[in-house]
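Trainee: quick check, what structure comes out for this input:
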Amino acid sequence: MGKVSISKELLNQLPLVKYTGDIYVVDKLSMVNSAVRQLRKFDVIGFDTETRPSFKRGQMHKIALMQLSTPNECFLFRLNQIGMPTVLHEFVCDSSRLKVGLSVHDDFKMLKRSFDIEPAGFEDVQELAQQNCIVDISLQKIFAILFGERISKSQQLSNWEAETLTDAQKRYAAIDAWACIKIHNLFASGMFNPEESPYYSIENDQQQTI
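Mentor: The predicted structure follows:
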């Protein structure tokens, strides 16, 4: 079996993802219950977090934003403003509710440090990708391989603790969580065949057998 990987050059040639779903900024405690009720209507939820970047050695910030997405809408919970309400805490720790994200153990460490929380019921799309011969581990590359579109990372180092999030920040945050659902659903459908991918290669395997 070969491997599936996309080069940075090919990645940069792909069109940008266009997110058309609804985005809801949850920045008041009064909004949390209805948001979580809506999320509980779905079997699979996309997950991600954002933290204000630090440019000083030894300086670390708490998680500022948690994104929880359905296939058509994304809720942006501004944890730096509302903290970790009980209903949200219970949802994140509900092992019966599947949440999918990328490199989720890194998020777990930050959630533990920021809110003393032990998340449960998570699936990592990096592991799904590896099970399907994809050797790239970034969300951007996994999504590009599967869907032929590029996720912009231009807002990654923006200030996630800003008083008001910009439209660009909202779209970026929503796409990262929503993309995880798209990836999960494609793999779950069984429709991805590594050998049919334009990025499939057996060159490395051949070199190892020479």
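
Trainee: average model confidence for stretch 183-194?
Mentor: Stretch 183-194 shows a mean pLDDT of 97.

Trainee: contacts for that stretch?
Mentor: The list of residues contacting stretch 183-194 from outside it, by CB atoms under 8 Å, 6 or more residues apart in numbering, reads 1-2, 4, 44, 46, 71, 100, 123, 125, 128-129, 131-134, 142-143, 146-147, 200. All C-beta spots, glycine's among them, are computed from the backbone N, C-alpha and C.

Trainee: mind redoing it with 6 Å?
Mentor: With contact meaning CB atoms under 6 Å, 6 or more residues apart in numbering, stretch 183-194 is reached by V4, V44, V100, V125, L128, N132, C133, L146, Y200.

Trainee: one more: stretch 97-114?
Mentor: 44-49, 62-63, 117, 119, 121-126, 139, 180, 184.

Trainee: which of those residues are buried? Put it as a PyMOL command.
Mentor: Typed into PyMOL, the line below selects the buried ones among these, using 16 or more other CB atoms under 10 Å:
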select buried, resi 44+45+46+47+48+49+63+117+119+121+122+123+124+125+126+139+180+184
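
Trainee: so which of the contacts of stretch 97-114 are in strands?
Mentor: V44, I45, G46, F47, D48, T49, I63, F122, E123, D124 (DSSP state E).

Trainee: roughly how far does the second one sit from E161?
Mentor: Going back to what we said before, that points to I45. Distance check for I45 against E161: by CB to CB, to the nearest Å, it reads 24 Å.

Trainee: kindly report the same for the fourth one.
Mentor: Computed as CB to CB, the F47 to E161 distance reads 20 Å.

Trainee: circling back: nearest to K18, out of the contacts of stretch 183-194: which one, please.
Mentor: L146 (16.0 Å; CB to CB).

Trainee: which residue packs closest to the closest one, ignoring adjacent ones?
Mentor: L186 (5.6 Å; CB to CB, 6 or more residues apart in numbering).

Trainee: below-threshold pLDDT in this structure: ranges please.
Mentor: Where the chain drops to pLDDT under 70, the residues are 1, 55, 58-59, 203-210.

Trainee: ranges for the helices of it?
Mentor: 8-13, 32-39, 79-82, 86-92, 104-115, 125-131, 139-147, 167-189, 203-209 (DSSP state H).

Trainee: switch these over to CSV; also include distance to S154.
Mentor: Putting those into CSV (distance: least, CB to CB, whole Å) gives the following:
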stretch, distance to S154
helix 8-13, 13
helix 32-39, 27
helix 79-82, 21
helix 86-92, 28
helix 104-115, 21
helix 125-131, 21
helix 139-147, 12
helix 167-189, 7
helix 203-209, 32
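
Trainee: most tightly surrounded among these?
Mentor: helix 139-147 (a mean of 23; mean count of other CB atoms under 10 Å).

Trainee: okay, that helix in CSV with CA atoms only?
Mentor: The C-alpha trace of helix 139-147 is given here as CSV (Å, rounded to 0.1, in the frame of the first residue of the first chain):
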residue,chain,number,x,y,z
LEU,A,139,-6.1,19.9,8.9
GLN,A,140,-5.3,22.1,5.9
LYS,A,141,-3.6,19.2,4.0
ILE,A,142,-6.0,16.5,5.0
PHE,A,143,-8.9,18.6,3.8
ALA,A,144,-7.2,19.5,0.6
ILE,A,145,-6.5,15.9,-0.2
LEU,A,146,-10.1,14.9,0.4
PHE,A,147,-12.0,17.8,-1.0
